[in-house]
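>>> Sequence and predicted structure, then a few things I'm wondering about:
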Amino acid sequence: MPADGRGFVSAPTVQAGTASLPAAVRRDAAPVGDHPRRRALRTHLGTVAGVAILAVLLWRMGTGVFLEGLRRIDAPTLLAALGIGLVTTVFSAWRWALVARGLRIRLPLGPAVADYYRALFLNAALPGGVLGDVHRAVRHGRSAGDLGRGVRAVVLERAAGQLALIGVGVVVLLTMESPVLAGTRHLAPLVGMAVLGALAVVLALRMNRAPSCKGRAAAGALRATLREAREGLLSRRNLPGVAVSSVVVLAGHLAMFVLAARVAGSGASVAVLTPLAVLALLAMGLPLNVGGWGPREGVTAWAFGAAGLGAGTGLGVAVVYGVLSLVASLPGVAVLVVRWCEGLRGRSAPHRAPDGHYPRSPPGAVTVSDVSSEKHAPKESARLASSSFPFSAEPSEGRPMTPESV
């Protein structure tokens, strides 16, 4: 694989089909034991679960809450959502570029922002909520010439955002008043002890087990994964940027939730809304949604009801938040259209040499001018070619073709 002096992977022209990639890249990109039918089944189950949650909410609360939330959205709210979305998308793309640099893949910030907008729109418009990230990972990996490394860059970037959400969420839910404050304080020590016990059991089993070929291979793969995670997220060069970008992105999501609460008519303070927003964001990470819809609405309705703010208000807040998130991702539509037009022009335009001139045809090749000059020439060659076939399709001497003539 070509690389420059600093070890960065260059970006050769890669065919669109997976079969044209090197075998090592295809093996690296394909998850072990993850059959396409299993992935499709998980996606369909998540979509069905999300639809079921929305159906139950509509059945219990009616459609009035949805329509009221949509009616309250106005033009200033949409502009504010676009502004918040711009900040969160730019910082998310910056985090992605940092992680890719840690994995020695070039990713300029401008294309990263465009690809991130497109992924956000596809996540919001398609079932499952992750298809945009999958497309972003595969496209970047193929353009960089290393599909597996491109996929891992996106996985690590998304993992950084989830770790930031979990870390901040644990602190918020343990310190701020919320419907789950008492339960969180009771469960936190138990969860910590369970995690430590599981780590102790795993270490004991590894120390007492005789090494084998498969064990050494798995250990090598685990060490390689941890090394890439350390280089992409925890290195001295990347950690400050990844941490700052993750905090800014999380703050943008919280600001979007507060904006949705104000639009939906909730007058609760930011201190009251913050733990409720954390619960909603954690619910959005569950793979049981339809473009992000489903668990977010159910958890938000329950949290607002438990906090004494009204389950209907919570459902309205979740609906407005979903609409504002979709609006914030709409620049991804422009990216899709521009890339589609560029693809059409790239397929129709002739290839140019690096010096800007069209390449000359090799000796003996048929050019466009040759074809056009022979357009009105006598069709002698065509007649000779037709007479060379054993079964002619033209009648002989004006008589119809019969089996005897054939």
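That came through fine. Numbers count the residues shown, from 1 in each chain.

>>> Quick check: residue 266 touching residue 273?
Yes. In terms of CB atoms under 8 Å, residue 266 counts as a neighbour of residue 273; the distance is 7.4 Å. In this view, the C-beta of every residue, glycine as well, is placed from N, C-alpha and C.

>>> residue contacts, the residue nearest to residue 70 when sequence neighbours are not counted?
Among residues not flanking residue 70 along the chain, residue 323 sits closest, at 6.6 Å (CB to CB, 6 or more residues apart in numbering). By CB atoms under 8 Å, 6 or more residues apart in numbering, the contact set of residue 323 is 69-70, 73.

>>> Which member of those is positioned nearest residue 328?
Closest approach between these and residue 328, by CB to CB: residue 73, at 12.6 Å.

>>> just for the stretch 201-350 of the chain, where's the confidence low?
Along the stretch 201-350 of the chain, the parts satisfying pLDDT under 70 run over 201-220, 289, 291, 348-350.

>>> where do the helices sit along it?
213-229, 239-263, 270-284, 295-306, 311-328, 331-348 (DSSP state H, counting those that start in this stretch).

>>> What's the local residue count around residue 224?
Residues lying near residue 224 (other CB atoms under 10 Å) number 11.

>>> Then residue 309?
By other CB under 10 Å, the residues close to residue 309 number 19.

>>> Can you tell me the closest non-neighbouring residue to it?
Residue nearest to residue 309 in three dimensions, not counting chain neighbours: residue 268, with 5.9 Å by CB to CB, 6+ apart.

>>> Quick check on the one you found: phi, psi?
phi -70, psi 150 (degrees, to the nearest 10).

>>> Next one: it from residue 85, what distance?
Going from residue 268 to residue 85 by CB to CB, to the nearest Å gives 23 Å.

>>> cool, and residue 198?
From residue 198 to residue 85 the distance is 39 Å (CB to CB).

>>> These two: which is more packed in?
residue 85 (23 against 10).

>>> Next up, the contacts around the more buried one.
120, 252, 256, 325, 327-329, 331.

>>> redo that, cut-off 6 Å
Residue 85 makes contacts with residue 328, as judged by CB atoms under 6 Å, 6 or more residues apart in numbering.

>>> can you check the one 10 residues further on too?
Counting by CB under 6 Å, 6+ apart, residue 95 makes contact with 157, 242, 245.

>>> ditto for residue 119
Contacts for residue 119 (CB under 6 Å, 6+ apart) come out as 132-133, 136.

>>> Count the neighbours of residue 152 for me.
The burial count for residue 152: 25, using other CB under 10 Å.

>>> how about the nearest residue to it, chain neighbours excluded?
Leaving out its chain neighbours, the residue that sits closest to residue 152 by CB to CB, 6+ apart is residue 228, at 6.1 Å.

>>> Next, count neighbours for that neighbour.
19.

>>> what's the answer for the one 5 residues further on, then?
Neighbour count of residue 233, defined by other CB under 10 Å: 21.

>>> before we move on, what about residue 257?
Using other CB under 10 Å, the number of residues around residue 257 comes to 25.

>>> okay but it is in contact with residue 277, surely?
Yes. The pair residue 257 / residue 277 is scored as a contact, 3.8 Å apart, by CB atoms under 6 Å.

>>> Check the contacts of residue 119 for the minimum pLDDT and say which it is.
Lowest pLDDT of those: residue 132, 89.

>>> Tell me the spacing between that residue and residue 254.
Separation of residue 132 from residue 254 (CB to CB): 22 Å.

>>> Neighbour count: the two, which is higher?
For residue 132 versus residue 254, neighbours defined as other CB under 10 Å are more numerous around residue 132 (24 against 20).

>>> residues touching that one, list them.
Per CB under 6 Å, 6+ apart, neighbours of residue 132: 119, 122-123.

>>> Any chance of the residues you listed in TSV with pLDDT and secondary structure as columns?
Compiled in TSV, those are given as follows (pLDDT from 0 to 100; DSSP: H, G, I helix; E, B strand; the rest coil):
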residue	pLDDT	secondary structure
119	94	helix
122	92	helix
123	89	helix
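
>>> what's the burial count for residue 304?
Counted with other CB under 10 Å, residues neighbouring residue 304 total 29.

>>> could you list every residue that touches it?
Taking CB under 6 Å, 6+ apart as the test, what residue 304 contacts is 310-311, 313-314.

>>> and with 10 Å instead?
With contact taken as CB atoms under 10 Å, 6 or more residues apart in numbering, residue 304 is in contact with 179, 261, 264, 266, 268, 272-273, 276, 279-280, 310-318.

>>> same deal with residue 280?
By CB under 10 Å, 6+ apart, the contact list for residue 280 reads 253-254, 257, 260, 273, 295-301, 303-304, 314, 317-318, 321.

>>> Buried among those? Need that as a selection in PyMOL.
Applying 16 or more other CB atoms under 10 Å to the contacts of residue 280, the buried members can be selected in PyMOL as follows:
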select buried, resi 253+254+257+260+273+295+296+297+298+299+300+301+303+304+314+317+318+321
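
>>> hmm, back to that, out of the contacts of residue 95, the closest to residue 341 would be?
residue 157 (27.8 Å).

>>> Point me to the helix or strand that includes the closest one.
helix 147-175 (DSSP states H and E).

>>> what packs against that helix?
helix 23-29, helix 75-102, helix 109-125, helix 131-144, helix 181-208, helix 213-229, helix 239-263, helix 270-284 (3 or more CB pairs under 10 Å, 6 or more residues apart in numbering; DSSP states H and E).

>>> model confidence over it, on average?
What helix 147-175 shows for mean pLDDT is 92.

>>> That one vs helix 109-125, what angle?
70 degrees (axes from the mean of the first three to the mean of the last three CA atoms, to 10 degrees).

>>> what angle do helix 147-175 and helix 131-144 make?
Per the same axes, to 10 degrees, the angle that helix 147-175 makes with helix 131-144 is 140 degrees.

>>> Specify the angle between helix 147-175 and helix 270-284 in degrees.
Computed with the same axes, to 10 degrees, the direction of helix 147-175 lies at 140 degrees from that of helix 270-284.

>>> What angle do helix 75-102 and helix 147-175 make with each other?
Using the same axes, to 10 degrees: helix 147-175 against helix 75-102 is 120 degrees.

>>> between helix 147-175 and helix 239-263, how big is the angle?
Using the same axes, to 10 degrees: helix 147-175 against helix 239-263 is 60 degrees.

>>> Could you double-check that residue 230 lies in contact with residue 242?
No. Using CB atoms under 10 Å, residue 230 makes no contact with residue 242, being 11.8 Å away.
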